[in-house]
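Enquirer: Need coordinates for the below:
(chains A and B)
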Protein chains: 2
Amino acid sequence: MIRSLDPPKRLLLGPGPSMVHPRVLQALSTPLIGHLDPAFLAIMNDLQSRLRHLFSTANRMTIALSGTGSAGMEAAIVNVVEPGDAVIVGVNGVFGTRLATVVERCGGTAIRVEAPWGQIIPPDMIETTLRRTGPVKAVALVHAETSTGAWQPIEPIGRLCRDHDTLLIVDAVTSLGGVPVEVDQWSIDVCYSGTQKCLSCPPGLAPLTVSARAMDAISRRRTPCRSWYLDLSLIADYWAEGTRAYHHTAPISMLYALHEALCLIEEEGLPARFARHRLNGDALVAGLAALDLPPLPLDEHRLPMLTCVTVPAHIDEAAVRQQLLQTFGIEIGGGLGPLKGKVWRIGLMGESSTEANVLMLLNAVEELFIRSGWLSTPGHALQAATRIYNRGL
Amino acid sequence: MIRSLDPPKRLLLGPGPSMVHPRVLQALSTPLIGHLDPAFLAIMNDLQSRLRHLFSTANRMTIALSGTGSAGMEAAIVNVVEPGDAVIVGVNGVFGTRLATVVERCGGTAIRVEAPWGQIIPPDMIETTLRRTGPVKAVALVHAETSTGAWQPIEPIGRLCRDHDTLLIVDAVTSLGGVPVEVDQWSIDVCYSGTQKCLSCPPGLAPLTVSARAMDAISRRRTPCRSWYLDLSLIADYWAEGTRAYHHTAPISMLYALHEALCLIEEEGLPARFARHRLNGDALVAGLAALDLPPLPLDEHRLPMLTCVTVPAHIDEAAVRQQLLQTFGIEIGGGLGPLKGKVWRIGLMGESSTEANVLMLLNAVEELFIRSGWLSTPGHALQAATRIYNRGL
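Expert: I've put the predicted structure just below:
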């Protein structure tokens, strides 16, 4: 029986959650006020305008949903897709696969456009499919495929969707706050994220933005949204100034935390934040390459905040992860689905993305490799990473 | 622009959220560990056994869902109900009405058994309906109707459901932790709650327990659950020792908070906790009666933690609520739906249920009534409440 919480000290360098800034932890413990208190509504307003900045959008309907990033995915699909609707889904990893499943659970038809795991979905494959299938309700893609580290180009697909008068749904769970997510410029209609990745806030909320075009499509549904909890037409009435109609009790403490995380992001500035993620990602990849751990995606499609590296067969990847956790208190992620046992997924997201963490991890991996006889000379990984830091971006 | 959170000091005596103990606020700010970290899984195990105690159940599938109480309602329905299934729903307030809506959104047929708001659903009405309709998939009822303060008897309906081989779904959002919820003894198959009422934890999680009978019915569905996020067969694989399959990232900080809230409940003991809610509820009702504010439900069906009182037409109820908030920092709730402008809803839930809070509220209401000329002699309300405290239960 656990009578008092005393979790071990961890350095979170997995695919999420990431490290949380002490100011965000402190915000969580702010005494609660009511979810309809005028003072709370003012915080919500401010939070919305900060989220709009982060998503680079003017969308009025920009909120934080009361669920994790996966609830964001479900909300995006269940509101847009009606039974019988066709949706083109890019499938090149766990989260694209999940998107297609959710489309089908909502009664839609998922037209899967597939690419090998670790690669992107080539925009021309989406174009060919759009021409072949005729009108579809939406195209859905994962911007940052957390299971493979692939960085999907969105902008060209946004143009295609406008040309074909179809909605564009983008999963930005892992990308938001770490690389640019230009909702308006790229013509994204529904974009959702999670708080526990590059926003460095605990898991539990899904930032979400919806274009006027998509809200209009939602308002013209022939059937009510199958989910009451995630019905955006009802949720909009709670977030909208003027109405503020009770729908469900908002997760007040989590919204406090997200607000503080967004303040920290504003203080750093988005360009500096993106550059930090890029530099630390590059240094990590250089260090891992020196250990013969190559990234799964091509260099031009490699995410800076989530590095997926192939682990050679002679290395017991699960044992290394376990030792990293037990001996060094460092969490990294293993592979999912077909990549299970074959890759590591290392997150340098938000607060986790620091030079100190990169060097600490590389040092720990080298140490474990030497202990197991997989490496004879230490220091190469740190040297390779240091060269990147000395060079800069 | 809000650069630093500084919400006003509030005494939360509305229908939720309730006051949160400092130890729970502190637990929220515990540094995070991963959602698959062995140390976190140990916390989840402990949390599950504490929830089983609270629900008085041996159900293996006893968890906290990653959403608010409303997500608990949706999870209960969307997992049990398949398109075409009939469900008998007790409708005597906002939350029964919502249950029926959710059944319909899930493709089921809601057979509404209605009673006037403020009254209970008489068990014999459920029996008559069961006899009339023949086999239905489930009966769904609200144990504590937060919109009216009515306390629904569940035990006799549990027996009826067993006799008619139908599942029993119970909304215990407001009741759990404040009055007995005997899941096994009352033959409840699916019972869900929220954290922000009598558990005195911030909103954001839905404690949920599911009988083996209901899990079996879920596993024999002809169609997959329409919600991927709330699919209990997938969520069970994350919570089950042995599998621990990744489904979505658990809201770690909220689970820390709930764990601490459950520790506090264990330290107080359930019988003492129920007695405290009863005594403070009785004292509040006695005090309000002295101000000619009678409870809406009959005395034998009146919830101790949520008191709904009728406000006479000559009193400007919205103005009083606003002054309570602005002048005294006390939040109470107004009426919903047909009760809007006609009632107050006062919550004495969890940490909010104290003698000091009862007396503070009665004093503030008396003060405002005197200022507005609705009362000439002060002190009657406090005297009436004090008589209850002197007498005890």
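Enquirer: Quick one: name the residues of the stretch 101-250 of chain A near chain B.
Expert: Taking Cβ under 8 Å from any Cβ of the partner chain as the contact definition, the stretch 101-250 of chain A meets chain B at A:101-102, A:105-107, A:194, A:196, A:202-204, A:224-230, A:246-250. Placement of C-beta: from N, CA and C, glycine included.
Enquirer: mind running it again at 10 Å?
Expert: A:101-107, A:173, A:194-197, A:200-206, A:223-231, A:246-250 (Cβ under 10 Å from any Cβ of the partner chain).
Enquirer: out of these, which are inside strands?
Expert: If you go by DSSP state E, those have residue A:206 in strands.
Enquirer: Pull out the buried residues from the residues of the stretch 101-250 of chain A next to chain B.
Expert: Among these, those classed as buried by 16 or more other Cβ atoms under 10 Å in any protein chain shown are A:101-107, A:173, A:194-197, A:200-206, A:225-231, A:247-250.
Enquirer: what about the longest helix in chain A?
Expert: Scanning chain A for the helix with the most residues, using DSSP state H, yields helix A:270-289.
Enquirer: relative orientation of the next helix or strand after that helix and helix A:270-289 in degrees?
Expert: On the C-terminal side of helix A:270-289, the closest following helix or strand by DSSP states H and E is strand A:306-310. Counting by axes from the mean of the first three to the mean of the last three Cα atoms, to 10 degrees, strand A:306-310 lies at 10 degrees to helix A:270-289.
Enquirer: helices and strands around strand A:306-310, which ones?
Expert: strand A:144-145, strand A:150-151, helix A:270-289, strand A:343-347 (3 or more Cβ pairs under 10 Å, 6 or more residues apart in numbering or on different chains; DSSP states H and E).
Enquirer: now the angle from the last one to strand A:306-310?
Expert: On the basis of the same axes, to 10 degrees, strand A:343-347 is oriented at 160 degrees to strand A:306-310.
Enquirer: what packs against strand A:343-347?
Expert: Applying 3+ Cβ pairs under 10 Å, 6+ apart, we find strand A:343-347 packed against helix A:270-289, strand A:306-310, helix A:317-328, strand A:330-331, strand A:333-334, helix A:355-371.
Enquirer: partners of it in the sheet?
Expert: Strand pairing for strand A:343-347, determined by DSSP bridges: strand A:306-310 (antiparallel), strand A:333-334 (antiparallel).
Enquirer: Pipe these into a markdown table and attach mean neighbour count, distance to residue A:154 and mean pLDDT per row.
Expert: Shown next, in a markdown table, are these (neighbours: other Cβ atoms under 10 Å in any protein chain shown; distance: least, Cβ to Cβ, whole Å; pLDDT from 0 to 100):
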| stretch | mean neighbour count | distance to residue A:154 | mean pLDDT |
| --- | --- | --- | --- |
| strand A:306-310 | 25 | 16 | 98 |
| strand A:333-334 | 20 | 24 | 98 |
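Enquirer: now the ones you listed in a markdown table, with distance to residue B:317?
Expert: Shown next, in a markdown table, are those (distance: least, Cβ to Cβ, whole Å):
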| stretch | distance to residue B:317 |
| --- | --- |
| strand A:306-310 | 53 |
| strand A:333-334 | 54 |
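Enquirer: hmm, back to that, looking at the buried ones among the residues of the stretch 101-250 of chain A next to chain B, which are in helices?
Expert: Those of these lying in helices (DSSP H): A:101-105.
Enquirer: For residue A:338, give me its contacts.
Expert: Contact analysis of residue A:338 by Cβ atoms under 10 Å, 6 or more residues apart in numbering or on different chains lists A:93-94, A:116-117, A:147.
Enquirer: Please give me every residue in contact with residue A:360.
Expert: Contacts of residue A:360 (Cβ under 10 Å, 6+ apart): A:11, A:13, A:328-330, A:354, A:382.
Enquirer: again, but for residue A:210
Expert: A:57, A:59-63, A:75-76, A:79-80, A:167, A:169, A:183, A:188-192, A:216-218, A:232, A:236.
Enquirer: Give the buried subset of the residues you listed as a ChimeraX selection command.
Expert: Selection of buried members from these for ChimeraX, criterion 16+ other Cβ under 10 Å:
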select /A:57,59,60,61,62,63,75,76,79,80,167,169,183,188,189,190,191,192,217,218,232,236
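Enquirer: Restricted to helices, list the contacts of residue A:210.
Expert: Among those, DSSP H puts A:75-76, A:79-80, A:216-218, A:232, A:236 in helices.
Enquirer: In those, find the pair that's most separated.
Expert: A:75 and A:216 (16.9 Å; Cβ to Cβ).
Enquirer: burial count for the residue in the stretch 251-393 of chain A that chain B sits nearest to?
Expert: Residue nearest to chain B within the stretch 251-393 of chain A: residue A:251 (3.5 Å; Cβ to the nearest Cβ). Around residue A:251 there are 28 other residues, counting by other Cβ atoms under 10 Å in any protein chain shown.
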